[in-house]
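>>> here's my sequence, what's the structure:
(2 chains)
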Amino acid sequence: MSTAPDEARRAAQEARLEQAWETPRGLRYWSAVNNTEVGRWYTATAFLFFLFAGALALLVRAQLAVPDNDLIPAGLYNQAFTLHGTAMMFLFAVPIFEAVAILILPTMLAARDLPFPCLSAYGYWCFLIGGIFVCGSILFNAAPDAGWFMYPPLTTDPALTGIGADIWLLGLSFIEVASIAAAVELIVGVLKCRPPGMRINTMPLYCWYVLIVGGMILFAFPPLIAGDILFELERLAGWPFFDVSRGGDPVLWQHLFWIFGHPEVYIVFLPSIALLAMIVPTFAQRPIIGYSWIVLAAVGTGFLSFGLWVHHMFTVGLPAISLGFFSAASEAVAIPTGVQIFVFLATMLAGRMTRSVPMLFAAGALAIFIIGGLTGVMVAIAPFDWQAHDSYFVVAHLHYVLIGGMVLPLIAGAYYYFPLVMARKLSDRLGRWVFWLMFLGFNIAFLPMHVTGLRGMPRRVFTYPAGIGWDTLNLVSSIGAAIFAAGVLLFTWDAVWGYRRRPPAPRNPWNAGTLEWLNPLPGPEYGVRSVPAIRSRYPLWDDPDLPRRVDQGLEFLPDAEEGRRETLVTSVLDARPIQCLRVPGNSFLPMIAAALTGAVFILTTFHLYRAGLVLGLAAMAAIILWLWRGTAVIPEKREKDIGQGVALPLYASGIRSVGWWAMFITMTGDMTAFASLVFSYFYFWTIHPVFPPPGPDGLPLGPGLLWPGLAALATAGAWGLMLAARRWSGQGGIAAPRAALAGAALLAAAGALAMLAGPWAEGLDPTSHAYPAAVWVLLIWAALHLALGIVMSLYALARSLAGRLTPEHDIDLHNVVLYWHFAALTGFVTLATVALFPLVG
Amino acid sequence: MLIHNRRHADLWTLLAPPAIWALHFLLCYVLGSVACAKAGDPFAAIPLPRLGVGLATLLALALILVAGRQARRHWGFGTADPPHDDPTDDDRQRFLGFATLLLCALSFVAVLFVALPALTIADCR
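Model prediction:
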């Protein structure tokens, strides 16, 4: 029984926690970086873009409702369908995954916050600015208008496409940066921020999906960023990567786009299915059947989805054997996808299902998704695809997949998690209306499209003649779209206004078993009162006393004695506590850095390069300032008591530091982008009988051997000095590591200049042919990595001089050396590719 | 070694079987597309790439079997019933072993799927 002093102590603890995690008021509210605030903004913004893209879809359907319609002109129609697809995929489907994960993942892990709150905030502001830029363009009749996959050569000619293609390329590259930032945050969150005892075999299935999808983003998005770079270089500088007359090939863009584009479908599908993996056990009131099978499905789908991209290119004219490989992989991916559905069905059958709106949406989602999956198996067979390609059959297929596999599970999740975020349930009665309007409206709209497509109606035509069998089908589709939209509007009304009329939700309103429902509703700003030790997959079912112990502060980290924001870091497999991590508090710097970064992309779109360069430097300064103030802060004491007699270090460097993991993960994505550029070089090698092509003197073009050789030596020297700096610092040295850091920066500068000197000295003109352009782009990429290495080395040197980097507190040095491994590898591979490969190729 | 004689299962052993599938897939694609791009003739026969696909398939299947053997050992040869959800080192090992074994089965089938076109398609059409 608690005594008065106990009560007083607890109240004091709660007051300190509240103060440390308080959300700022007034204008300073927008400086918040806490996951609950950023997660809400992210979700609301992504949903607004969904409504915007949905409105464009209605415009498209209105135009197609009757034959020979002149409601909107062809140009605006092109912008509408392009922006519809673009916004749905880039501004809704992917960001809503990040938004929901940032919002609910910490609660599921009983973590006070994710490890890099400022990074989440930076990602959010990037997303908002980029999204408004891309969407706003239609108001100026300047939106991209060549379809959401931007195929060249239609799009590489600025005279044909205006500025729309630049807006698409630069705006979305910018948003992809936000996605990669979120992936880093979420992967490290799942691996390192689980509560003590939540082992890899007991973590919620949602975490497994987040982990897999985060990894997929690292391998899927960078190829598109690489493609965007090539594309913009062609549009802005005339480098002919996709221009056949100068040795380029438009099919290269298709490869790079779909290496991103197909995994993207699974990147949006898996997190939504993950919501079902949380919802189904709750309403079956039993643990999921086949936890390991879900892990199989998530990991298996994650891998196989990278072997499907050519099935979007079956009609390009690739050799049948290539089509065969991709067709086979496309069939194989049905296996893990089906496994998930069977696991859900088995859990439903084995439990005692309670009727609820989330389950209604879950069941509807599975029904629609299965139809989409089956037509997917059909179009995965190349000969069938040759008939259906670019017809409304494919439009029907992809909407069945995306609405069944993503939108409806997400709405199920919205009904399920609404009380967690807003402390009130949405209306059950309206929810059933919403479901039936959406479910029936969807099927009325899209089922007929299969027939429209088989009757030959191509995608993307802005109108069609009467009397060729498409009239009624299109009218029915448009009526269905309107019914579906009514469902969306009703949901929006309930989620924005209607819910306020409902009574407050009780604690754990669905009687769920997982930790996100641990807190009273509304949850306190600091998250959990104390971080519990976990012993099962469904701790709230298996340990009914847990909420009491957590509320009374009897578990870990019940206090914020020093007034700092803290959360626990645990080991990857078994979640043993290893560090008490201090996370940064509220700051405007992420917003300022994002605004400056956004300005760089926007100014580049309008060819204002000088202003862009100045703001780029300002953005870098803002990011450096944020890192300088908020990261690798030396604590006032070595360890902290987190309760129950456990003391944890407040500072950890190297592989034990979350920053090291973030660097590793970011650089994995960076290497994927680099691999895509190398792929492009070798792609040109495959399509040209003679490669490198001969120059005016008849000899093969190339950067020579001298300068690349010197560049390799300088890069190796810089890398070696960085390794030495880490070693000497570890031995307690101060002057020697500082000298090594300065020396590494100098050698890196020499290496970068030598890299660029090769093609310069040999007179390679990047606008003359795809070969010199490919050489230049690889060398510039490698040189930029060395330049960034210089900035990092000098940053570490400055930290050392300022006393913020010492032999004992060397997070920055370890992370910078880790970066250097990747930068040096990039340099060596680049030099070997451009200088040595022509000798053997 | 990652797929053989590893004492403890971890995330790397879990990812190894599908990674073998991915490497096999990449190799098949590169062999086929480079051979056909370089041949320049749609009717060119491609016996060597097909042989390469065959050998790569045998190697990939063998590696997946090795990984599967290890996964079965980590699983404890099925001596304990699922769901392997106890908060113990043993159950964590069993769970990872079982999930890896399932991934081995999927990867095995997927490798076979991907290899099949090389059996029947003999030229670059």
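>>> closest residue of chain B to chain A?
Closest approach between chain B and chain A, counting by C-beta to the nearest C-beta: B:Pro117, at 2.5 Å. Heads up, the C-betas are built off the backbone N, CA and C, glycines and all.
>>> so how far is B:Phe25 from that residue?
B:Pro117 sits 12 Å away from B:Phe25, going by C-beta to C-beta, to the nearest Å.
>>> next: A:Phe393.
Relative to B:Phe25, A:Phe393 is positioned 27 Å away (C-beta to C-beta).
>>> thinking again about what came up before, the residue of chain B closest to chain A contacts A:Ala329, doesn't it?
No. Using C-beta atoms under 8 Å as the test, B:Pro117 is too far from A:Ala329 to be in contact (10.3 Å).
>>> quick one: which of the two has more around it?
A:Ala329 (26 against 22; other C-beta atoms under 10 Å in any protein chain shown).
>>> got the contact list for the closest residue to the more buried one other than its chain neighbours?
Spatially, and ignoring its direct neighbours in sequence, A:Ala329 is nearest to A:Gly307 (3.6 Å; C-beta to C-beta, 6 or more residues apart in numbering or on different chains). Counting by C-beta atoms under 8 Å, 6 or more residues apart in numbering or on different chains, A:Gly307 touches A:325-326, A:329, A:333, B:21-22, B:25, B:114.
>>> Throw those into JSON lines and include distance to A:Thr806, pLDDT and secondary structure, thanks.
Putting the contacts of A:Gly307 into JSON lines (distance: C-beta to C-beta, whole Å; pLDDT from 0 to 100; DSSP: H, G, I helix; E, B strand; the rest coil) gives the following:
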{"residue": "A:Phe325", "distance to A:Thr806": "54", "pLDDT": "95", "secondary structure": "helix"}
{"residue": "A:Phe326", "distance to A:Thr806": "54", "pLDDT": "96", "secondary structure": "helix"}
{"residue": "A:Ala329", "distance to A:Thr806": "51", "pLDDT": "95", "secondary structure": "helix"}
{"residue": "A:Val333", "distance to A:Thr806": "51", "pLDDT": "94", "secondary structure": "coil"}
{"residue": "B:Trp21", "distance to A:Thr806": "46", "pLDDT": "97", "secondary structure": "helix"}
{"residue": "B:Ala22", "distance to A:Thr806": "43", "pLDDT": "96", "secondary structure": "helix"}
{"residue": "B:Phe25", "distance to A:Thr806": "48", "pLDDT": "96", "secondary structure": "helix"}
{"residue": "B:Val114", "distance to A:Thr806": "53", "pLDDT": "95", "secondary structure": "helix"}
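>>> return the member of these nearest to A:Glu232.
Using C-beta to C-beta, A:Phe326 comes nearest to A:Glu232 of those, at 28.1 Å.
>>> burial measure for the closest one, as a count.
Number of residues near A:Phe326 (other C-beta under 10 Å) recorded here: 26.
>>> residues touching the closest residue to it other than its chain neighbours, list them.
Nearest residue to A:Phe326 in three dimensions, chain neighbours excluded: A:Val310, at 3.9 Å (C-beta to C-beta, 6+ apart). Residues in contact with A:Val310 (C-beta under 8 Å, 6+ apart) are A:255, A:258, A:318, A:322-323, A:325-326.
>>> quick one: pLDDT of A:Val310?
The per-residue pLDDT reported for A:Val310 equals 94.
>>> how about the contacts made by the closest residue to chain B within the stretch 251-400 of chain A?
Of all residues in the stretch 251-400 of chain A, A:Gly324 sits closest to chain B, at 2.5 Å by C-beta to the nearest C-beta. A:Gly324 makes contacts with A:382, B:116-118, B:120-121, as judged by C-beta under 8 Å, 6+ apart.
>>> now, of those, which are buried?
Among these, those classed as buried by neighbour count (16 or more other C-beta atoms under 10 Å in any protein chain shown) are A:382, B:116-118, B:121.
>>> between which two of these is the distance greatest?
A:Ala382 and B:Ala118 (15.2 Å).
>>> circling back to that earlier point, mutual contacts of B:Pro117 and B:Phe25, please.
Listed as contacting both B:Pro117 and B:Phe25 by C-beta under 8 Å, 6+ apart are A:Phe325.
>>> B:Phe43: how many residues sit nearby?
Count around B:Phe43 with other C-beta under 10 Å applied: 9.
>>> these two touch, right, it and B:Ala122?
No. B:Phe43 lies out of contact with B:Ala122 (C-beta under 8 Å); the separation is 10.0 Å.
>>> re the thing from before, could you report the pLDDT at the residue of the stretch 251-400 of chain A closest to chain B?
At A:Gly324, the predicted lDDT confidence score is 95.
>>> now the element after the helix or strand it falls within, going C-ward?
Assigned by DSSP states H and E, A:Gly324 belongs to helix A:320-332. Going down the chain from helix A:320-332, the next helix or strand is helix A:334-350, by DSSP H and E.
>>> count of residues packed around A:Pro700?
Around A:Pro700 there are 15 other residues, counting by other C-beta under 10 Å.
>>> ok now stretch A:577-596, how far from the chain's centre?
Using C-alpha atoms, centre = their mean, to the nearest Å, the distance from the centre of stretch A:577-596 to the centre of the chain it belongs to is 19 Å.
>>> now swap in stretch A:117-126 and tell me
Here stretch A:117-126 is found 12 Å from its chain centre; the criterion is C-alpha atoms, centre = their mean.
>>> would you put the C-alpha positions of it in PDB?
Coordinates of each C-alpha in stretch A:117-126 appear next as PDB, following Å, rounded to 0.1, in the frame of the first residue of the first chain:
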ATOM      1  CA  PRO A 117      13.300  13.300 -33.000                       C
ATOM      2  CA  CYS A 118      14.800  16.200 -34.900                       C
ATOM      3  CA  LEU A 119      15.400  14.000 -37.900                       C
ATOM      4  CA  SER A 120      11.600  13.100 -37.900                       C
ATOM      5  CA  ALA A 121      10.800  16.800 -37.700                       C
ATOM      6  CA  TYR A 122      13.200  17.600 -40.500                       C
ATOM      7  CA  GLY A 123      11.600  14.800 -42.600                       C
ATOM      8  CA  TYR A 124       8.200  16.100 -41.900                       C
ATOM      9  CA  TRP A 125       9.000  19.700 -42.900                       C
ATOM     10  CA  CYS A 126      10.700  18.500 -46.100                       C
END
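>>> can you give me the helices for chain B?
B:11-39, B:47-75, B:89-120 (DSSP state H).
>>> which one of those helices is the most hemmed in?
helix B:89-120 (a mean of 22; mean count of other C-beta atoms under 10 Å in any protein chain shown).
>>> just to revisit the earlier point, closest to A:Ala55 among the buried ones among the contacts of A:Gly324?
Nearest to A:Ala55, judged by C-beta to C-beta, of those is A:Ala382 at 36.2 Å.
>>> verify the stated contact: that closest one with A:Leu323.
Yes. Using C-beta under 8 Å, A:Ala382 is in contact with A:Leu323, at 4.7 Å.
>>> what's residue 66 in contact with, if anything?
Using chain A here. Contacts of A:Val66 (C-beta under 8 Å, 6+ apart): A:471, A:474-475.
>>> that's the wrong chain, I wanted chain B
Counting by C-beta under 8 Å, 6+ apart, B:Val66 touches B:3-4.
>>> residues from the stretch 551-700 of chain A in reach of chain B?
Contact residues, the stretch 551-700 of chain A versus chain B (C-beta under 8 Å from any C-beta of the partner chain): A:572-574, A:686-687, A:689.
>>> what about 10 Å?
Neighbours of chain B within the stretch 551-700 of chain A, by C-beta under 10 Å from any C-beta of the partner chain: A:572-575, A:682-683, A:685-689.
>>> most surrounded residue in those?
A:Ala575 leads those on contacts (other C-beta under 10 Å) with 26 neighbours.
>>> which pLDDT value belongs to it?
94.
>>> surely it is within a helix?
No. Counting by DSSP: H, G, I helix; E, B strand; the rest coil, one finds A:Ala575 to be coil, located in no helix.
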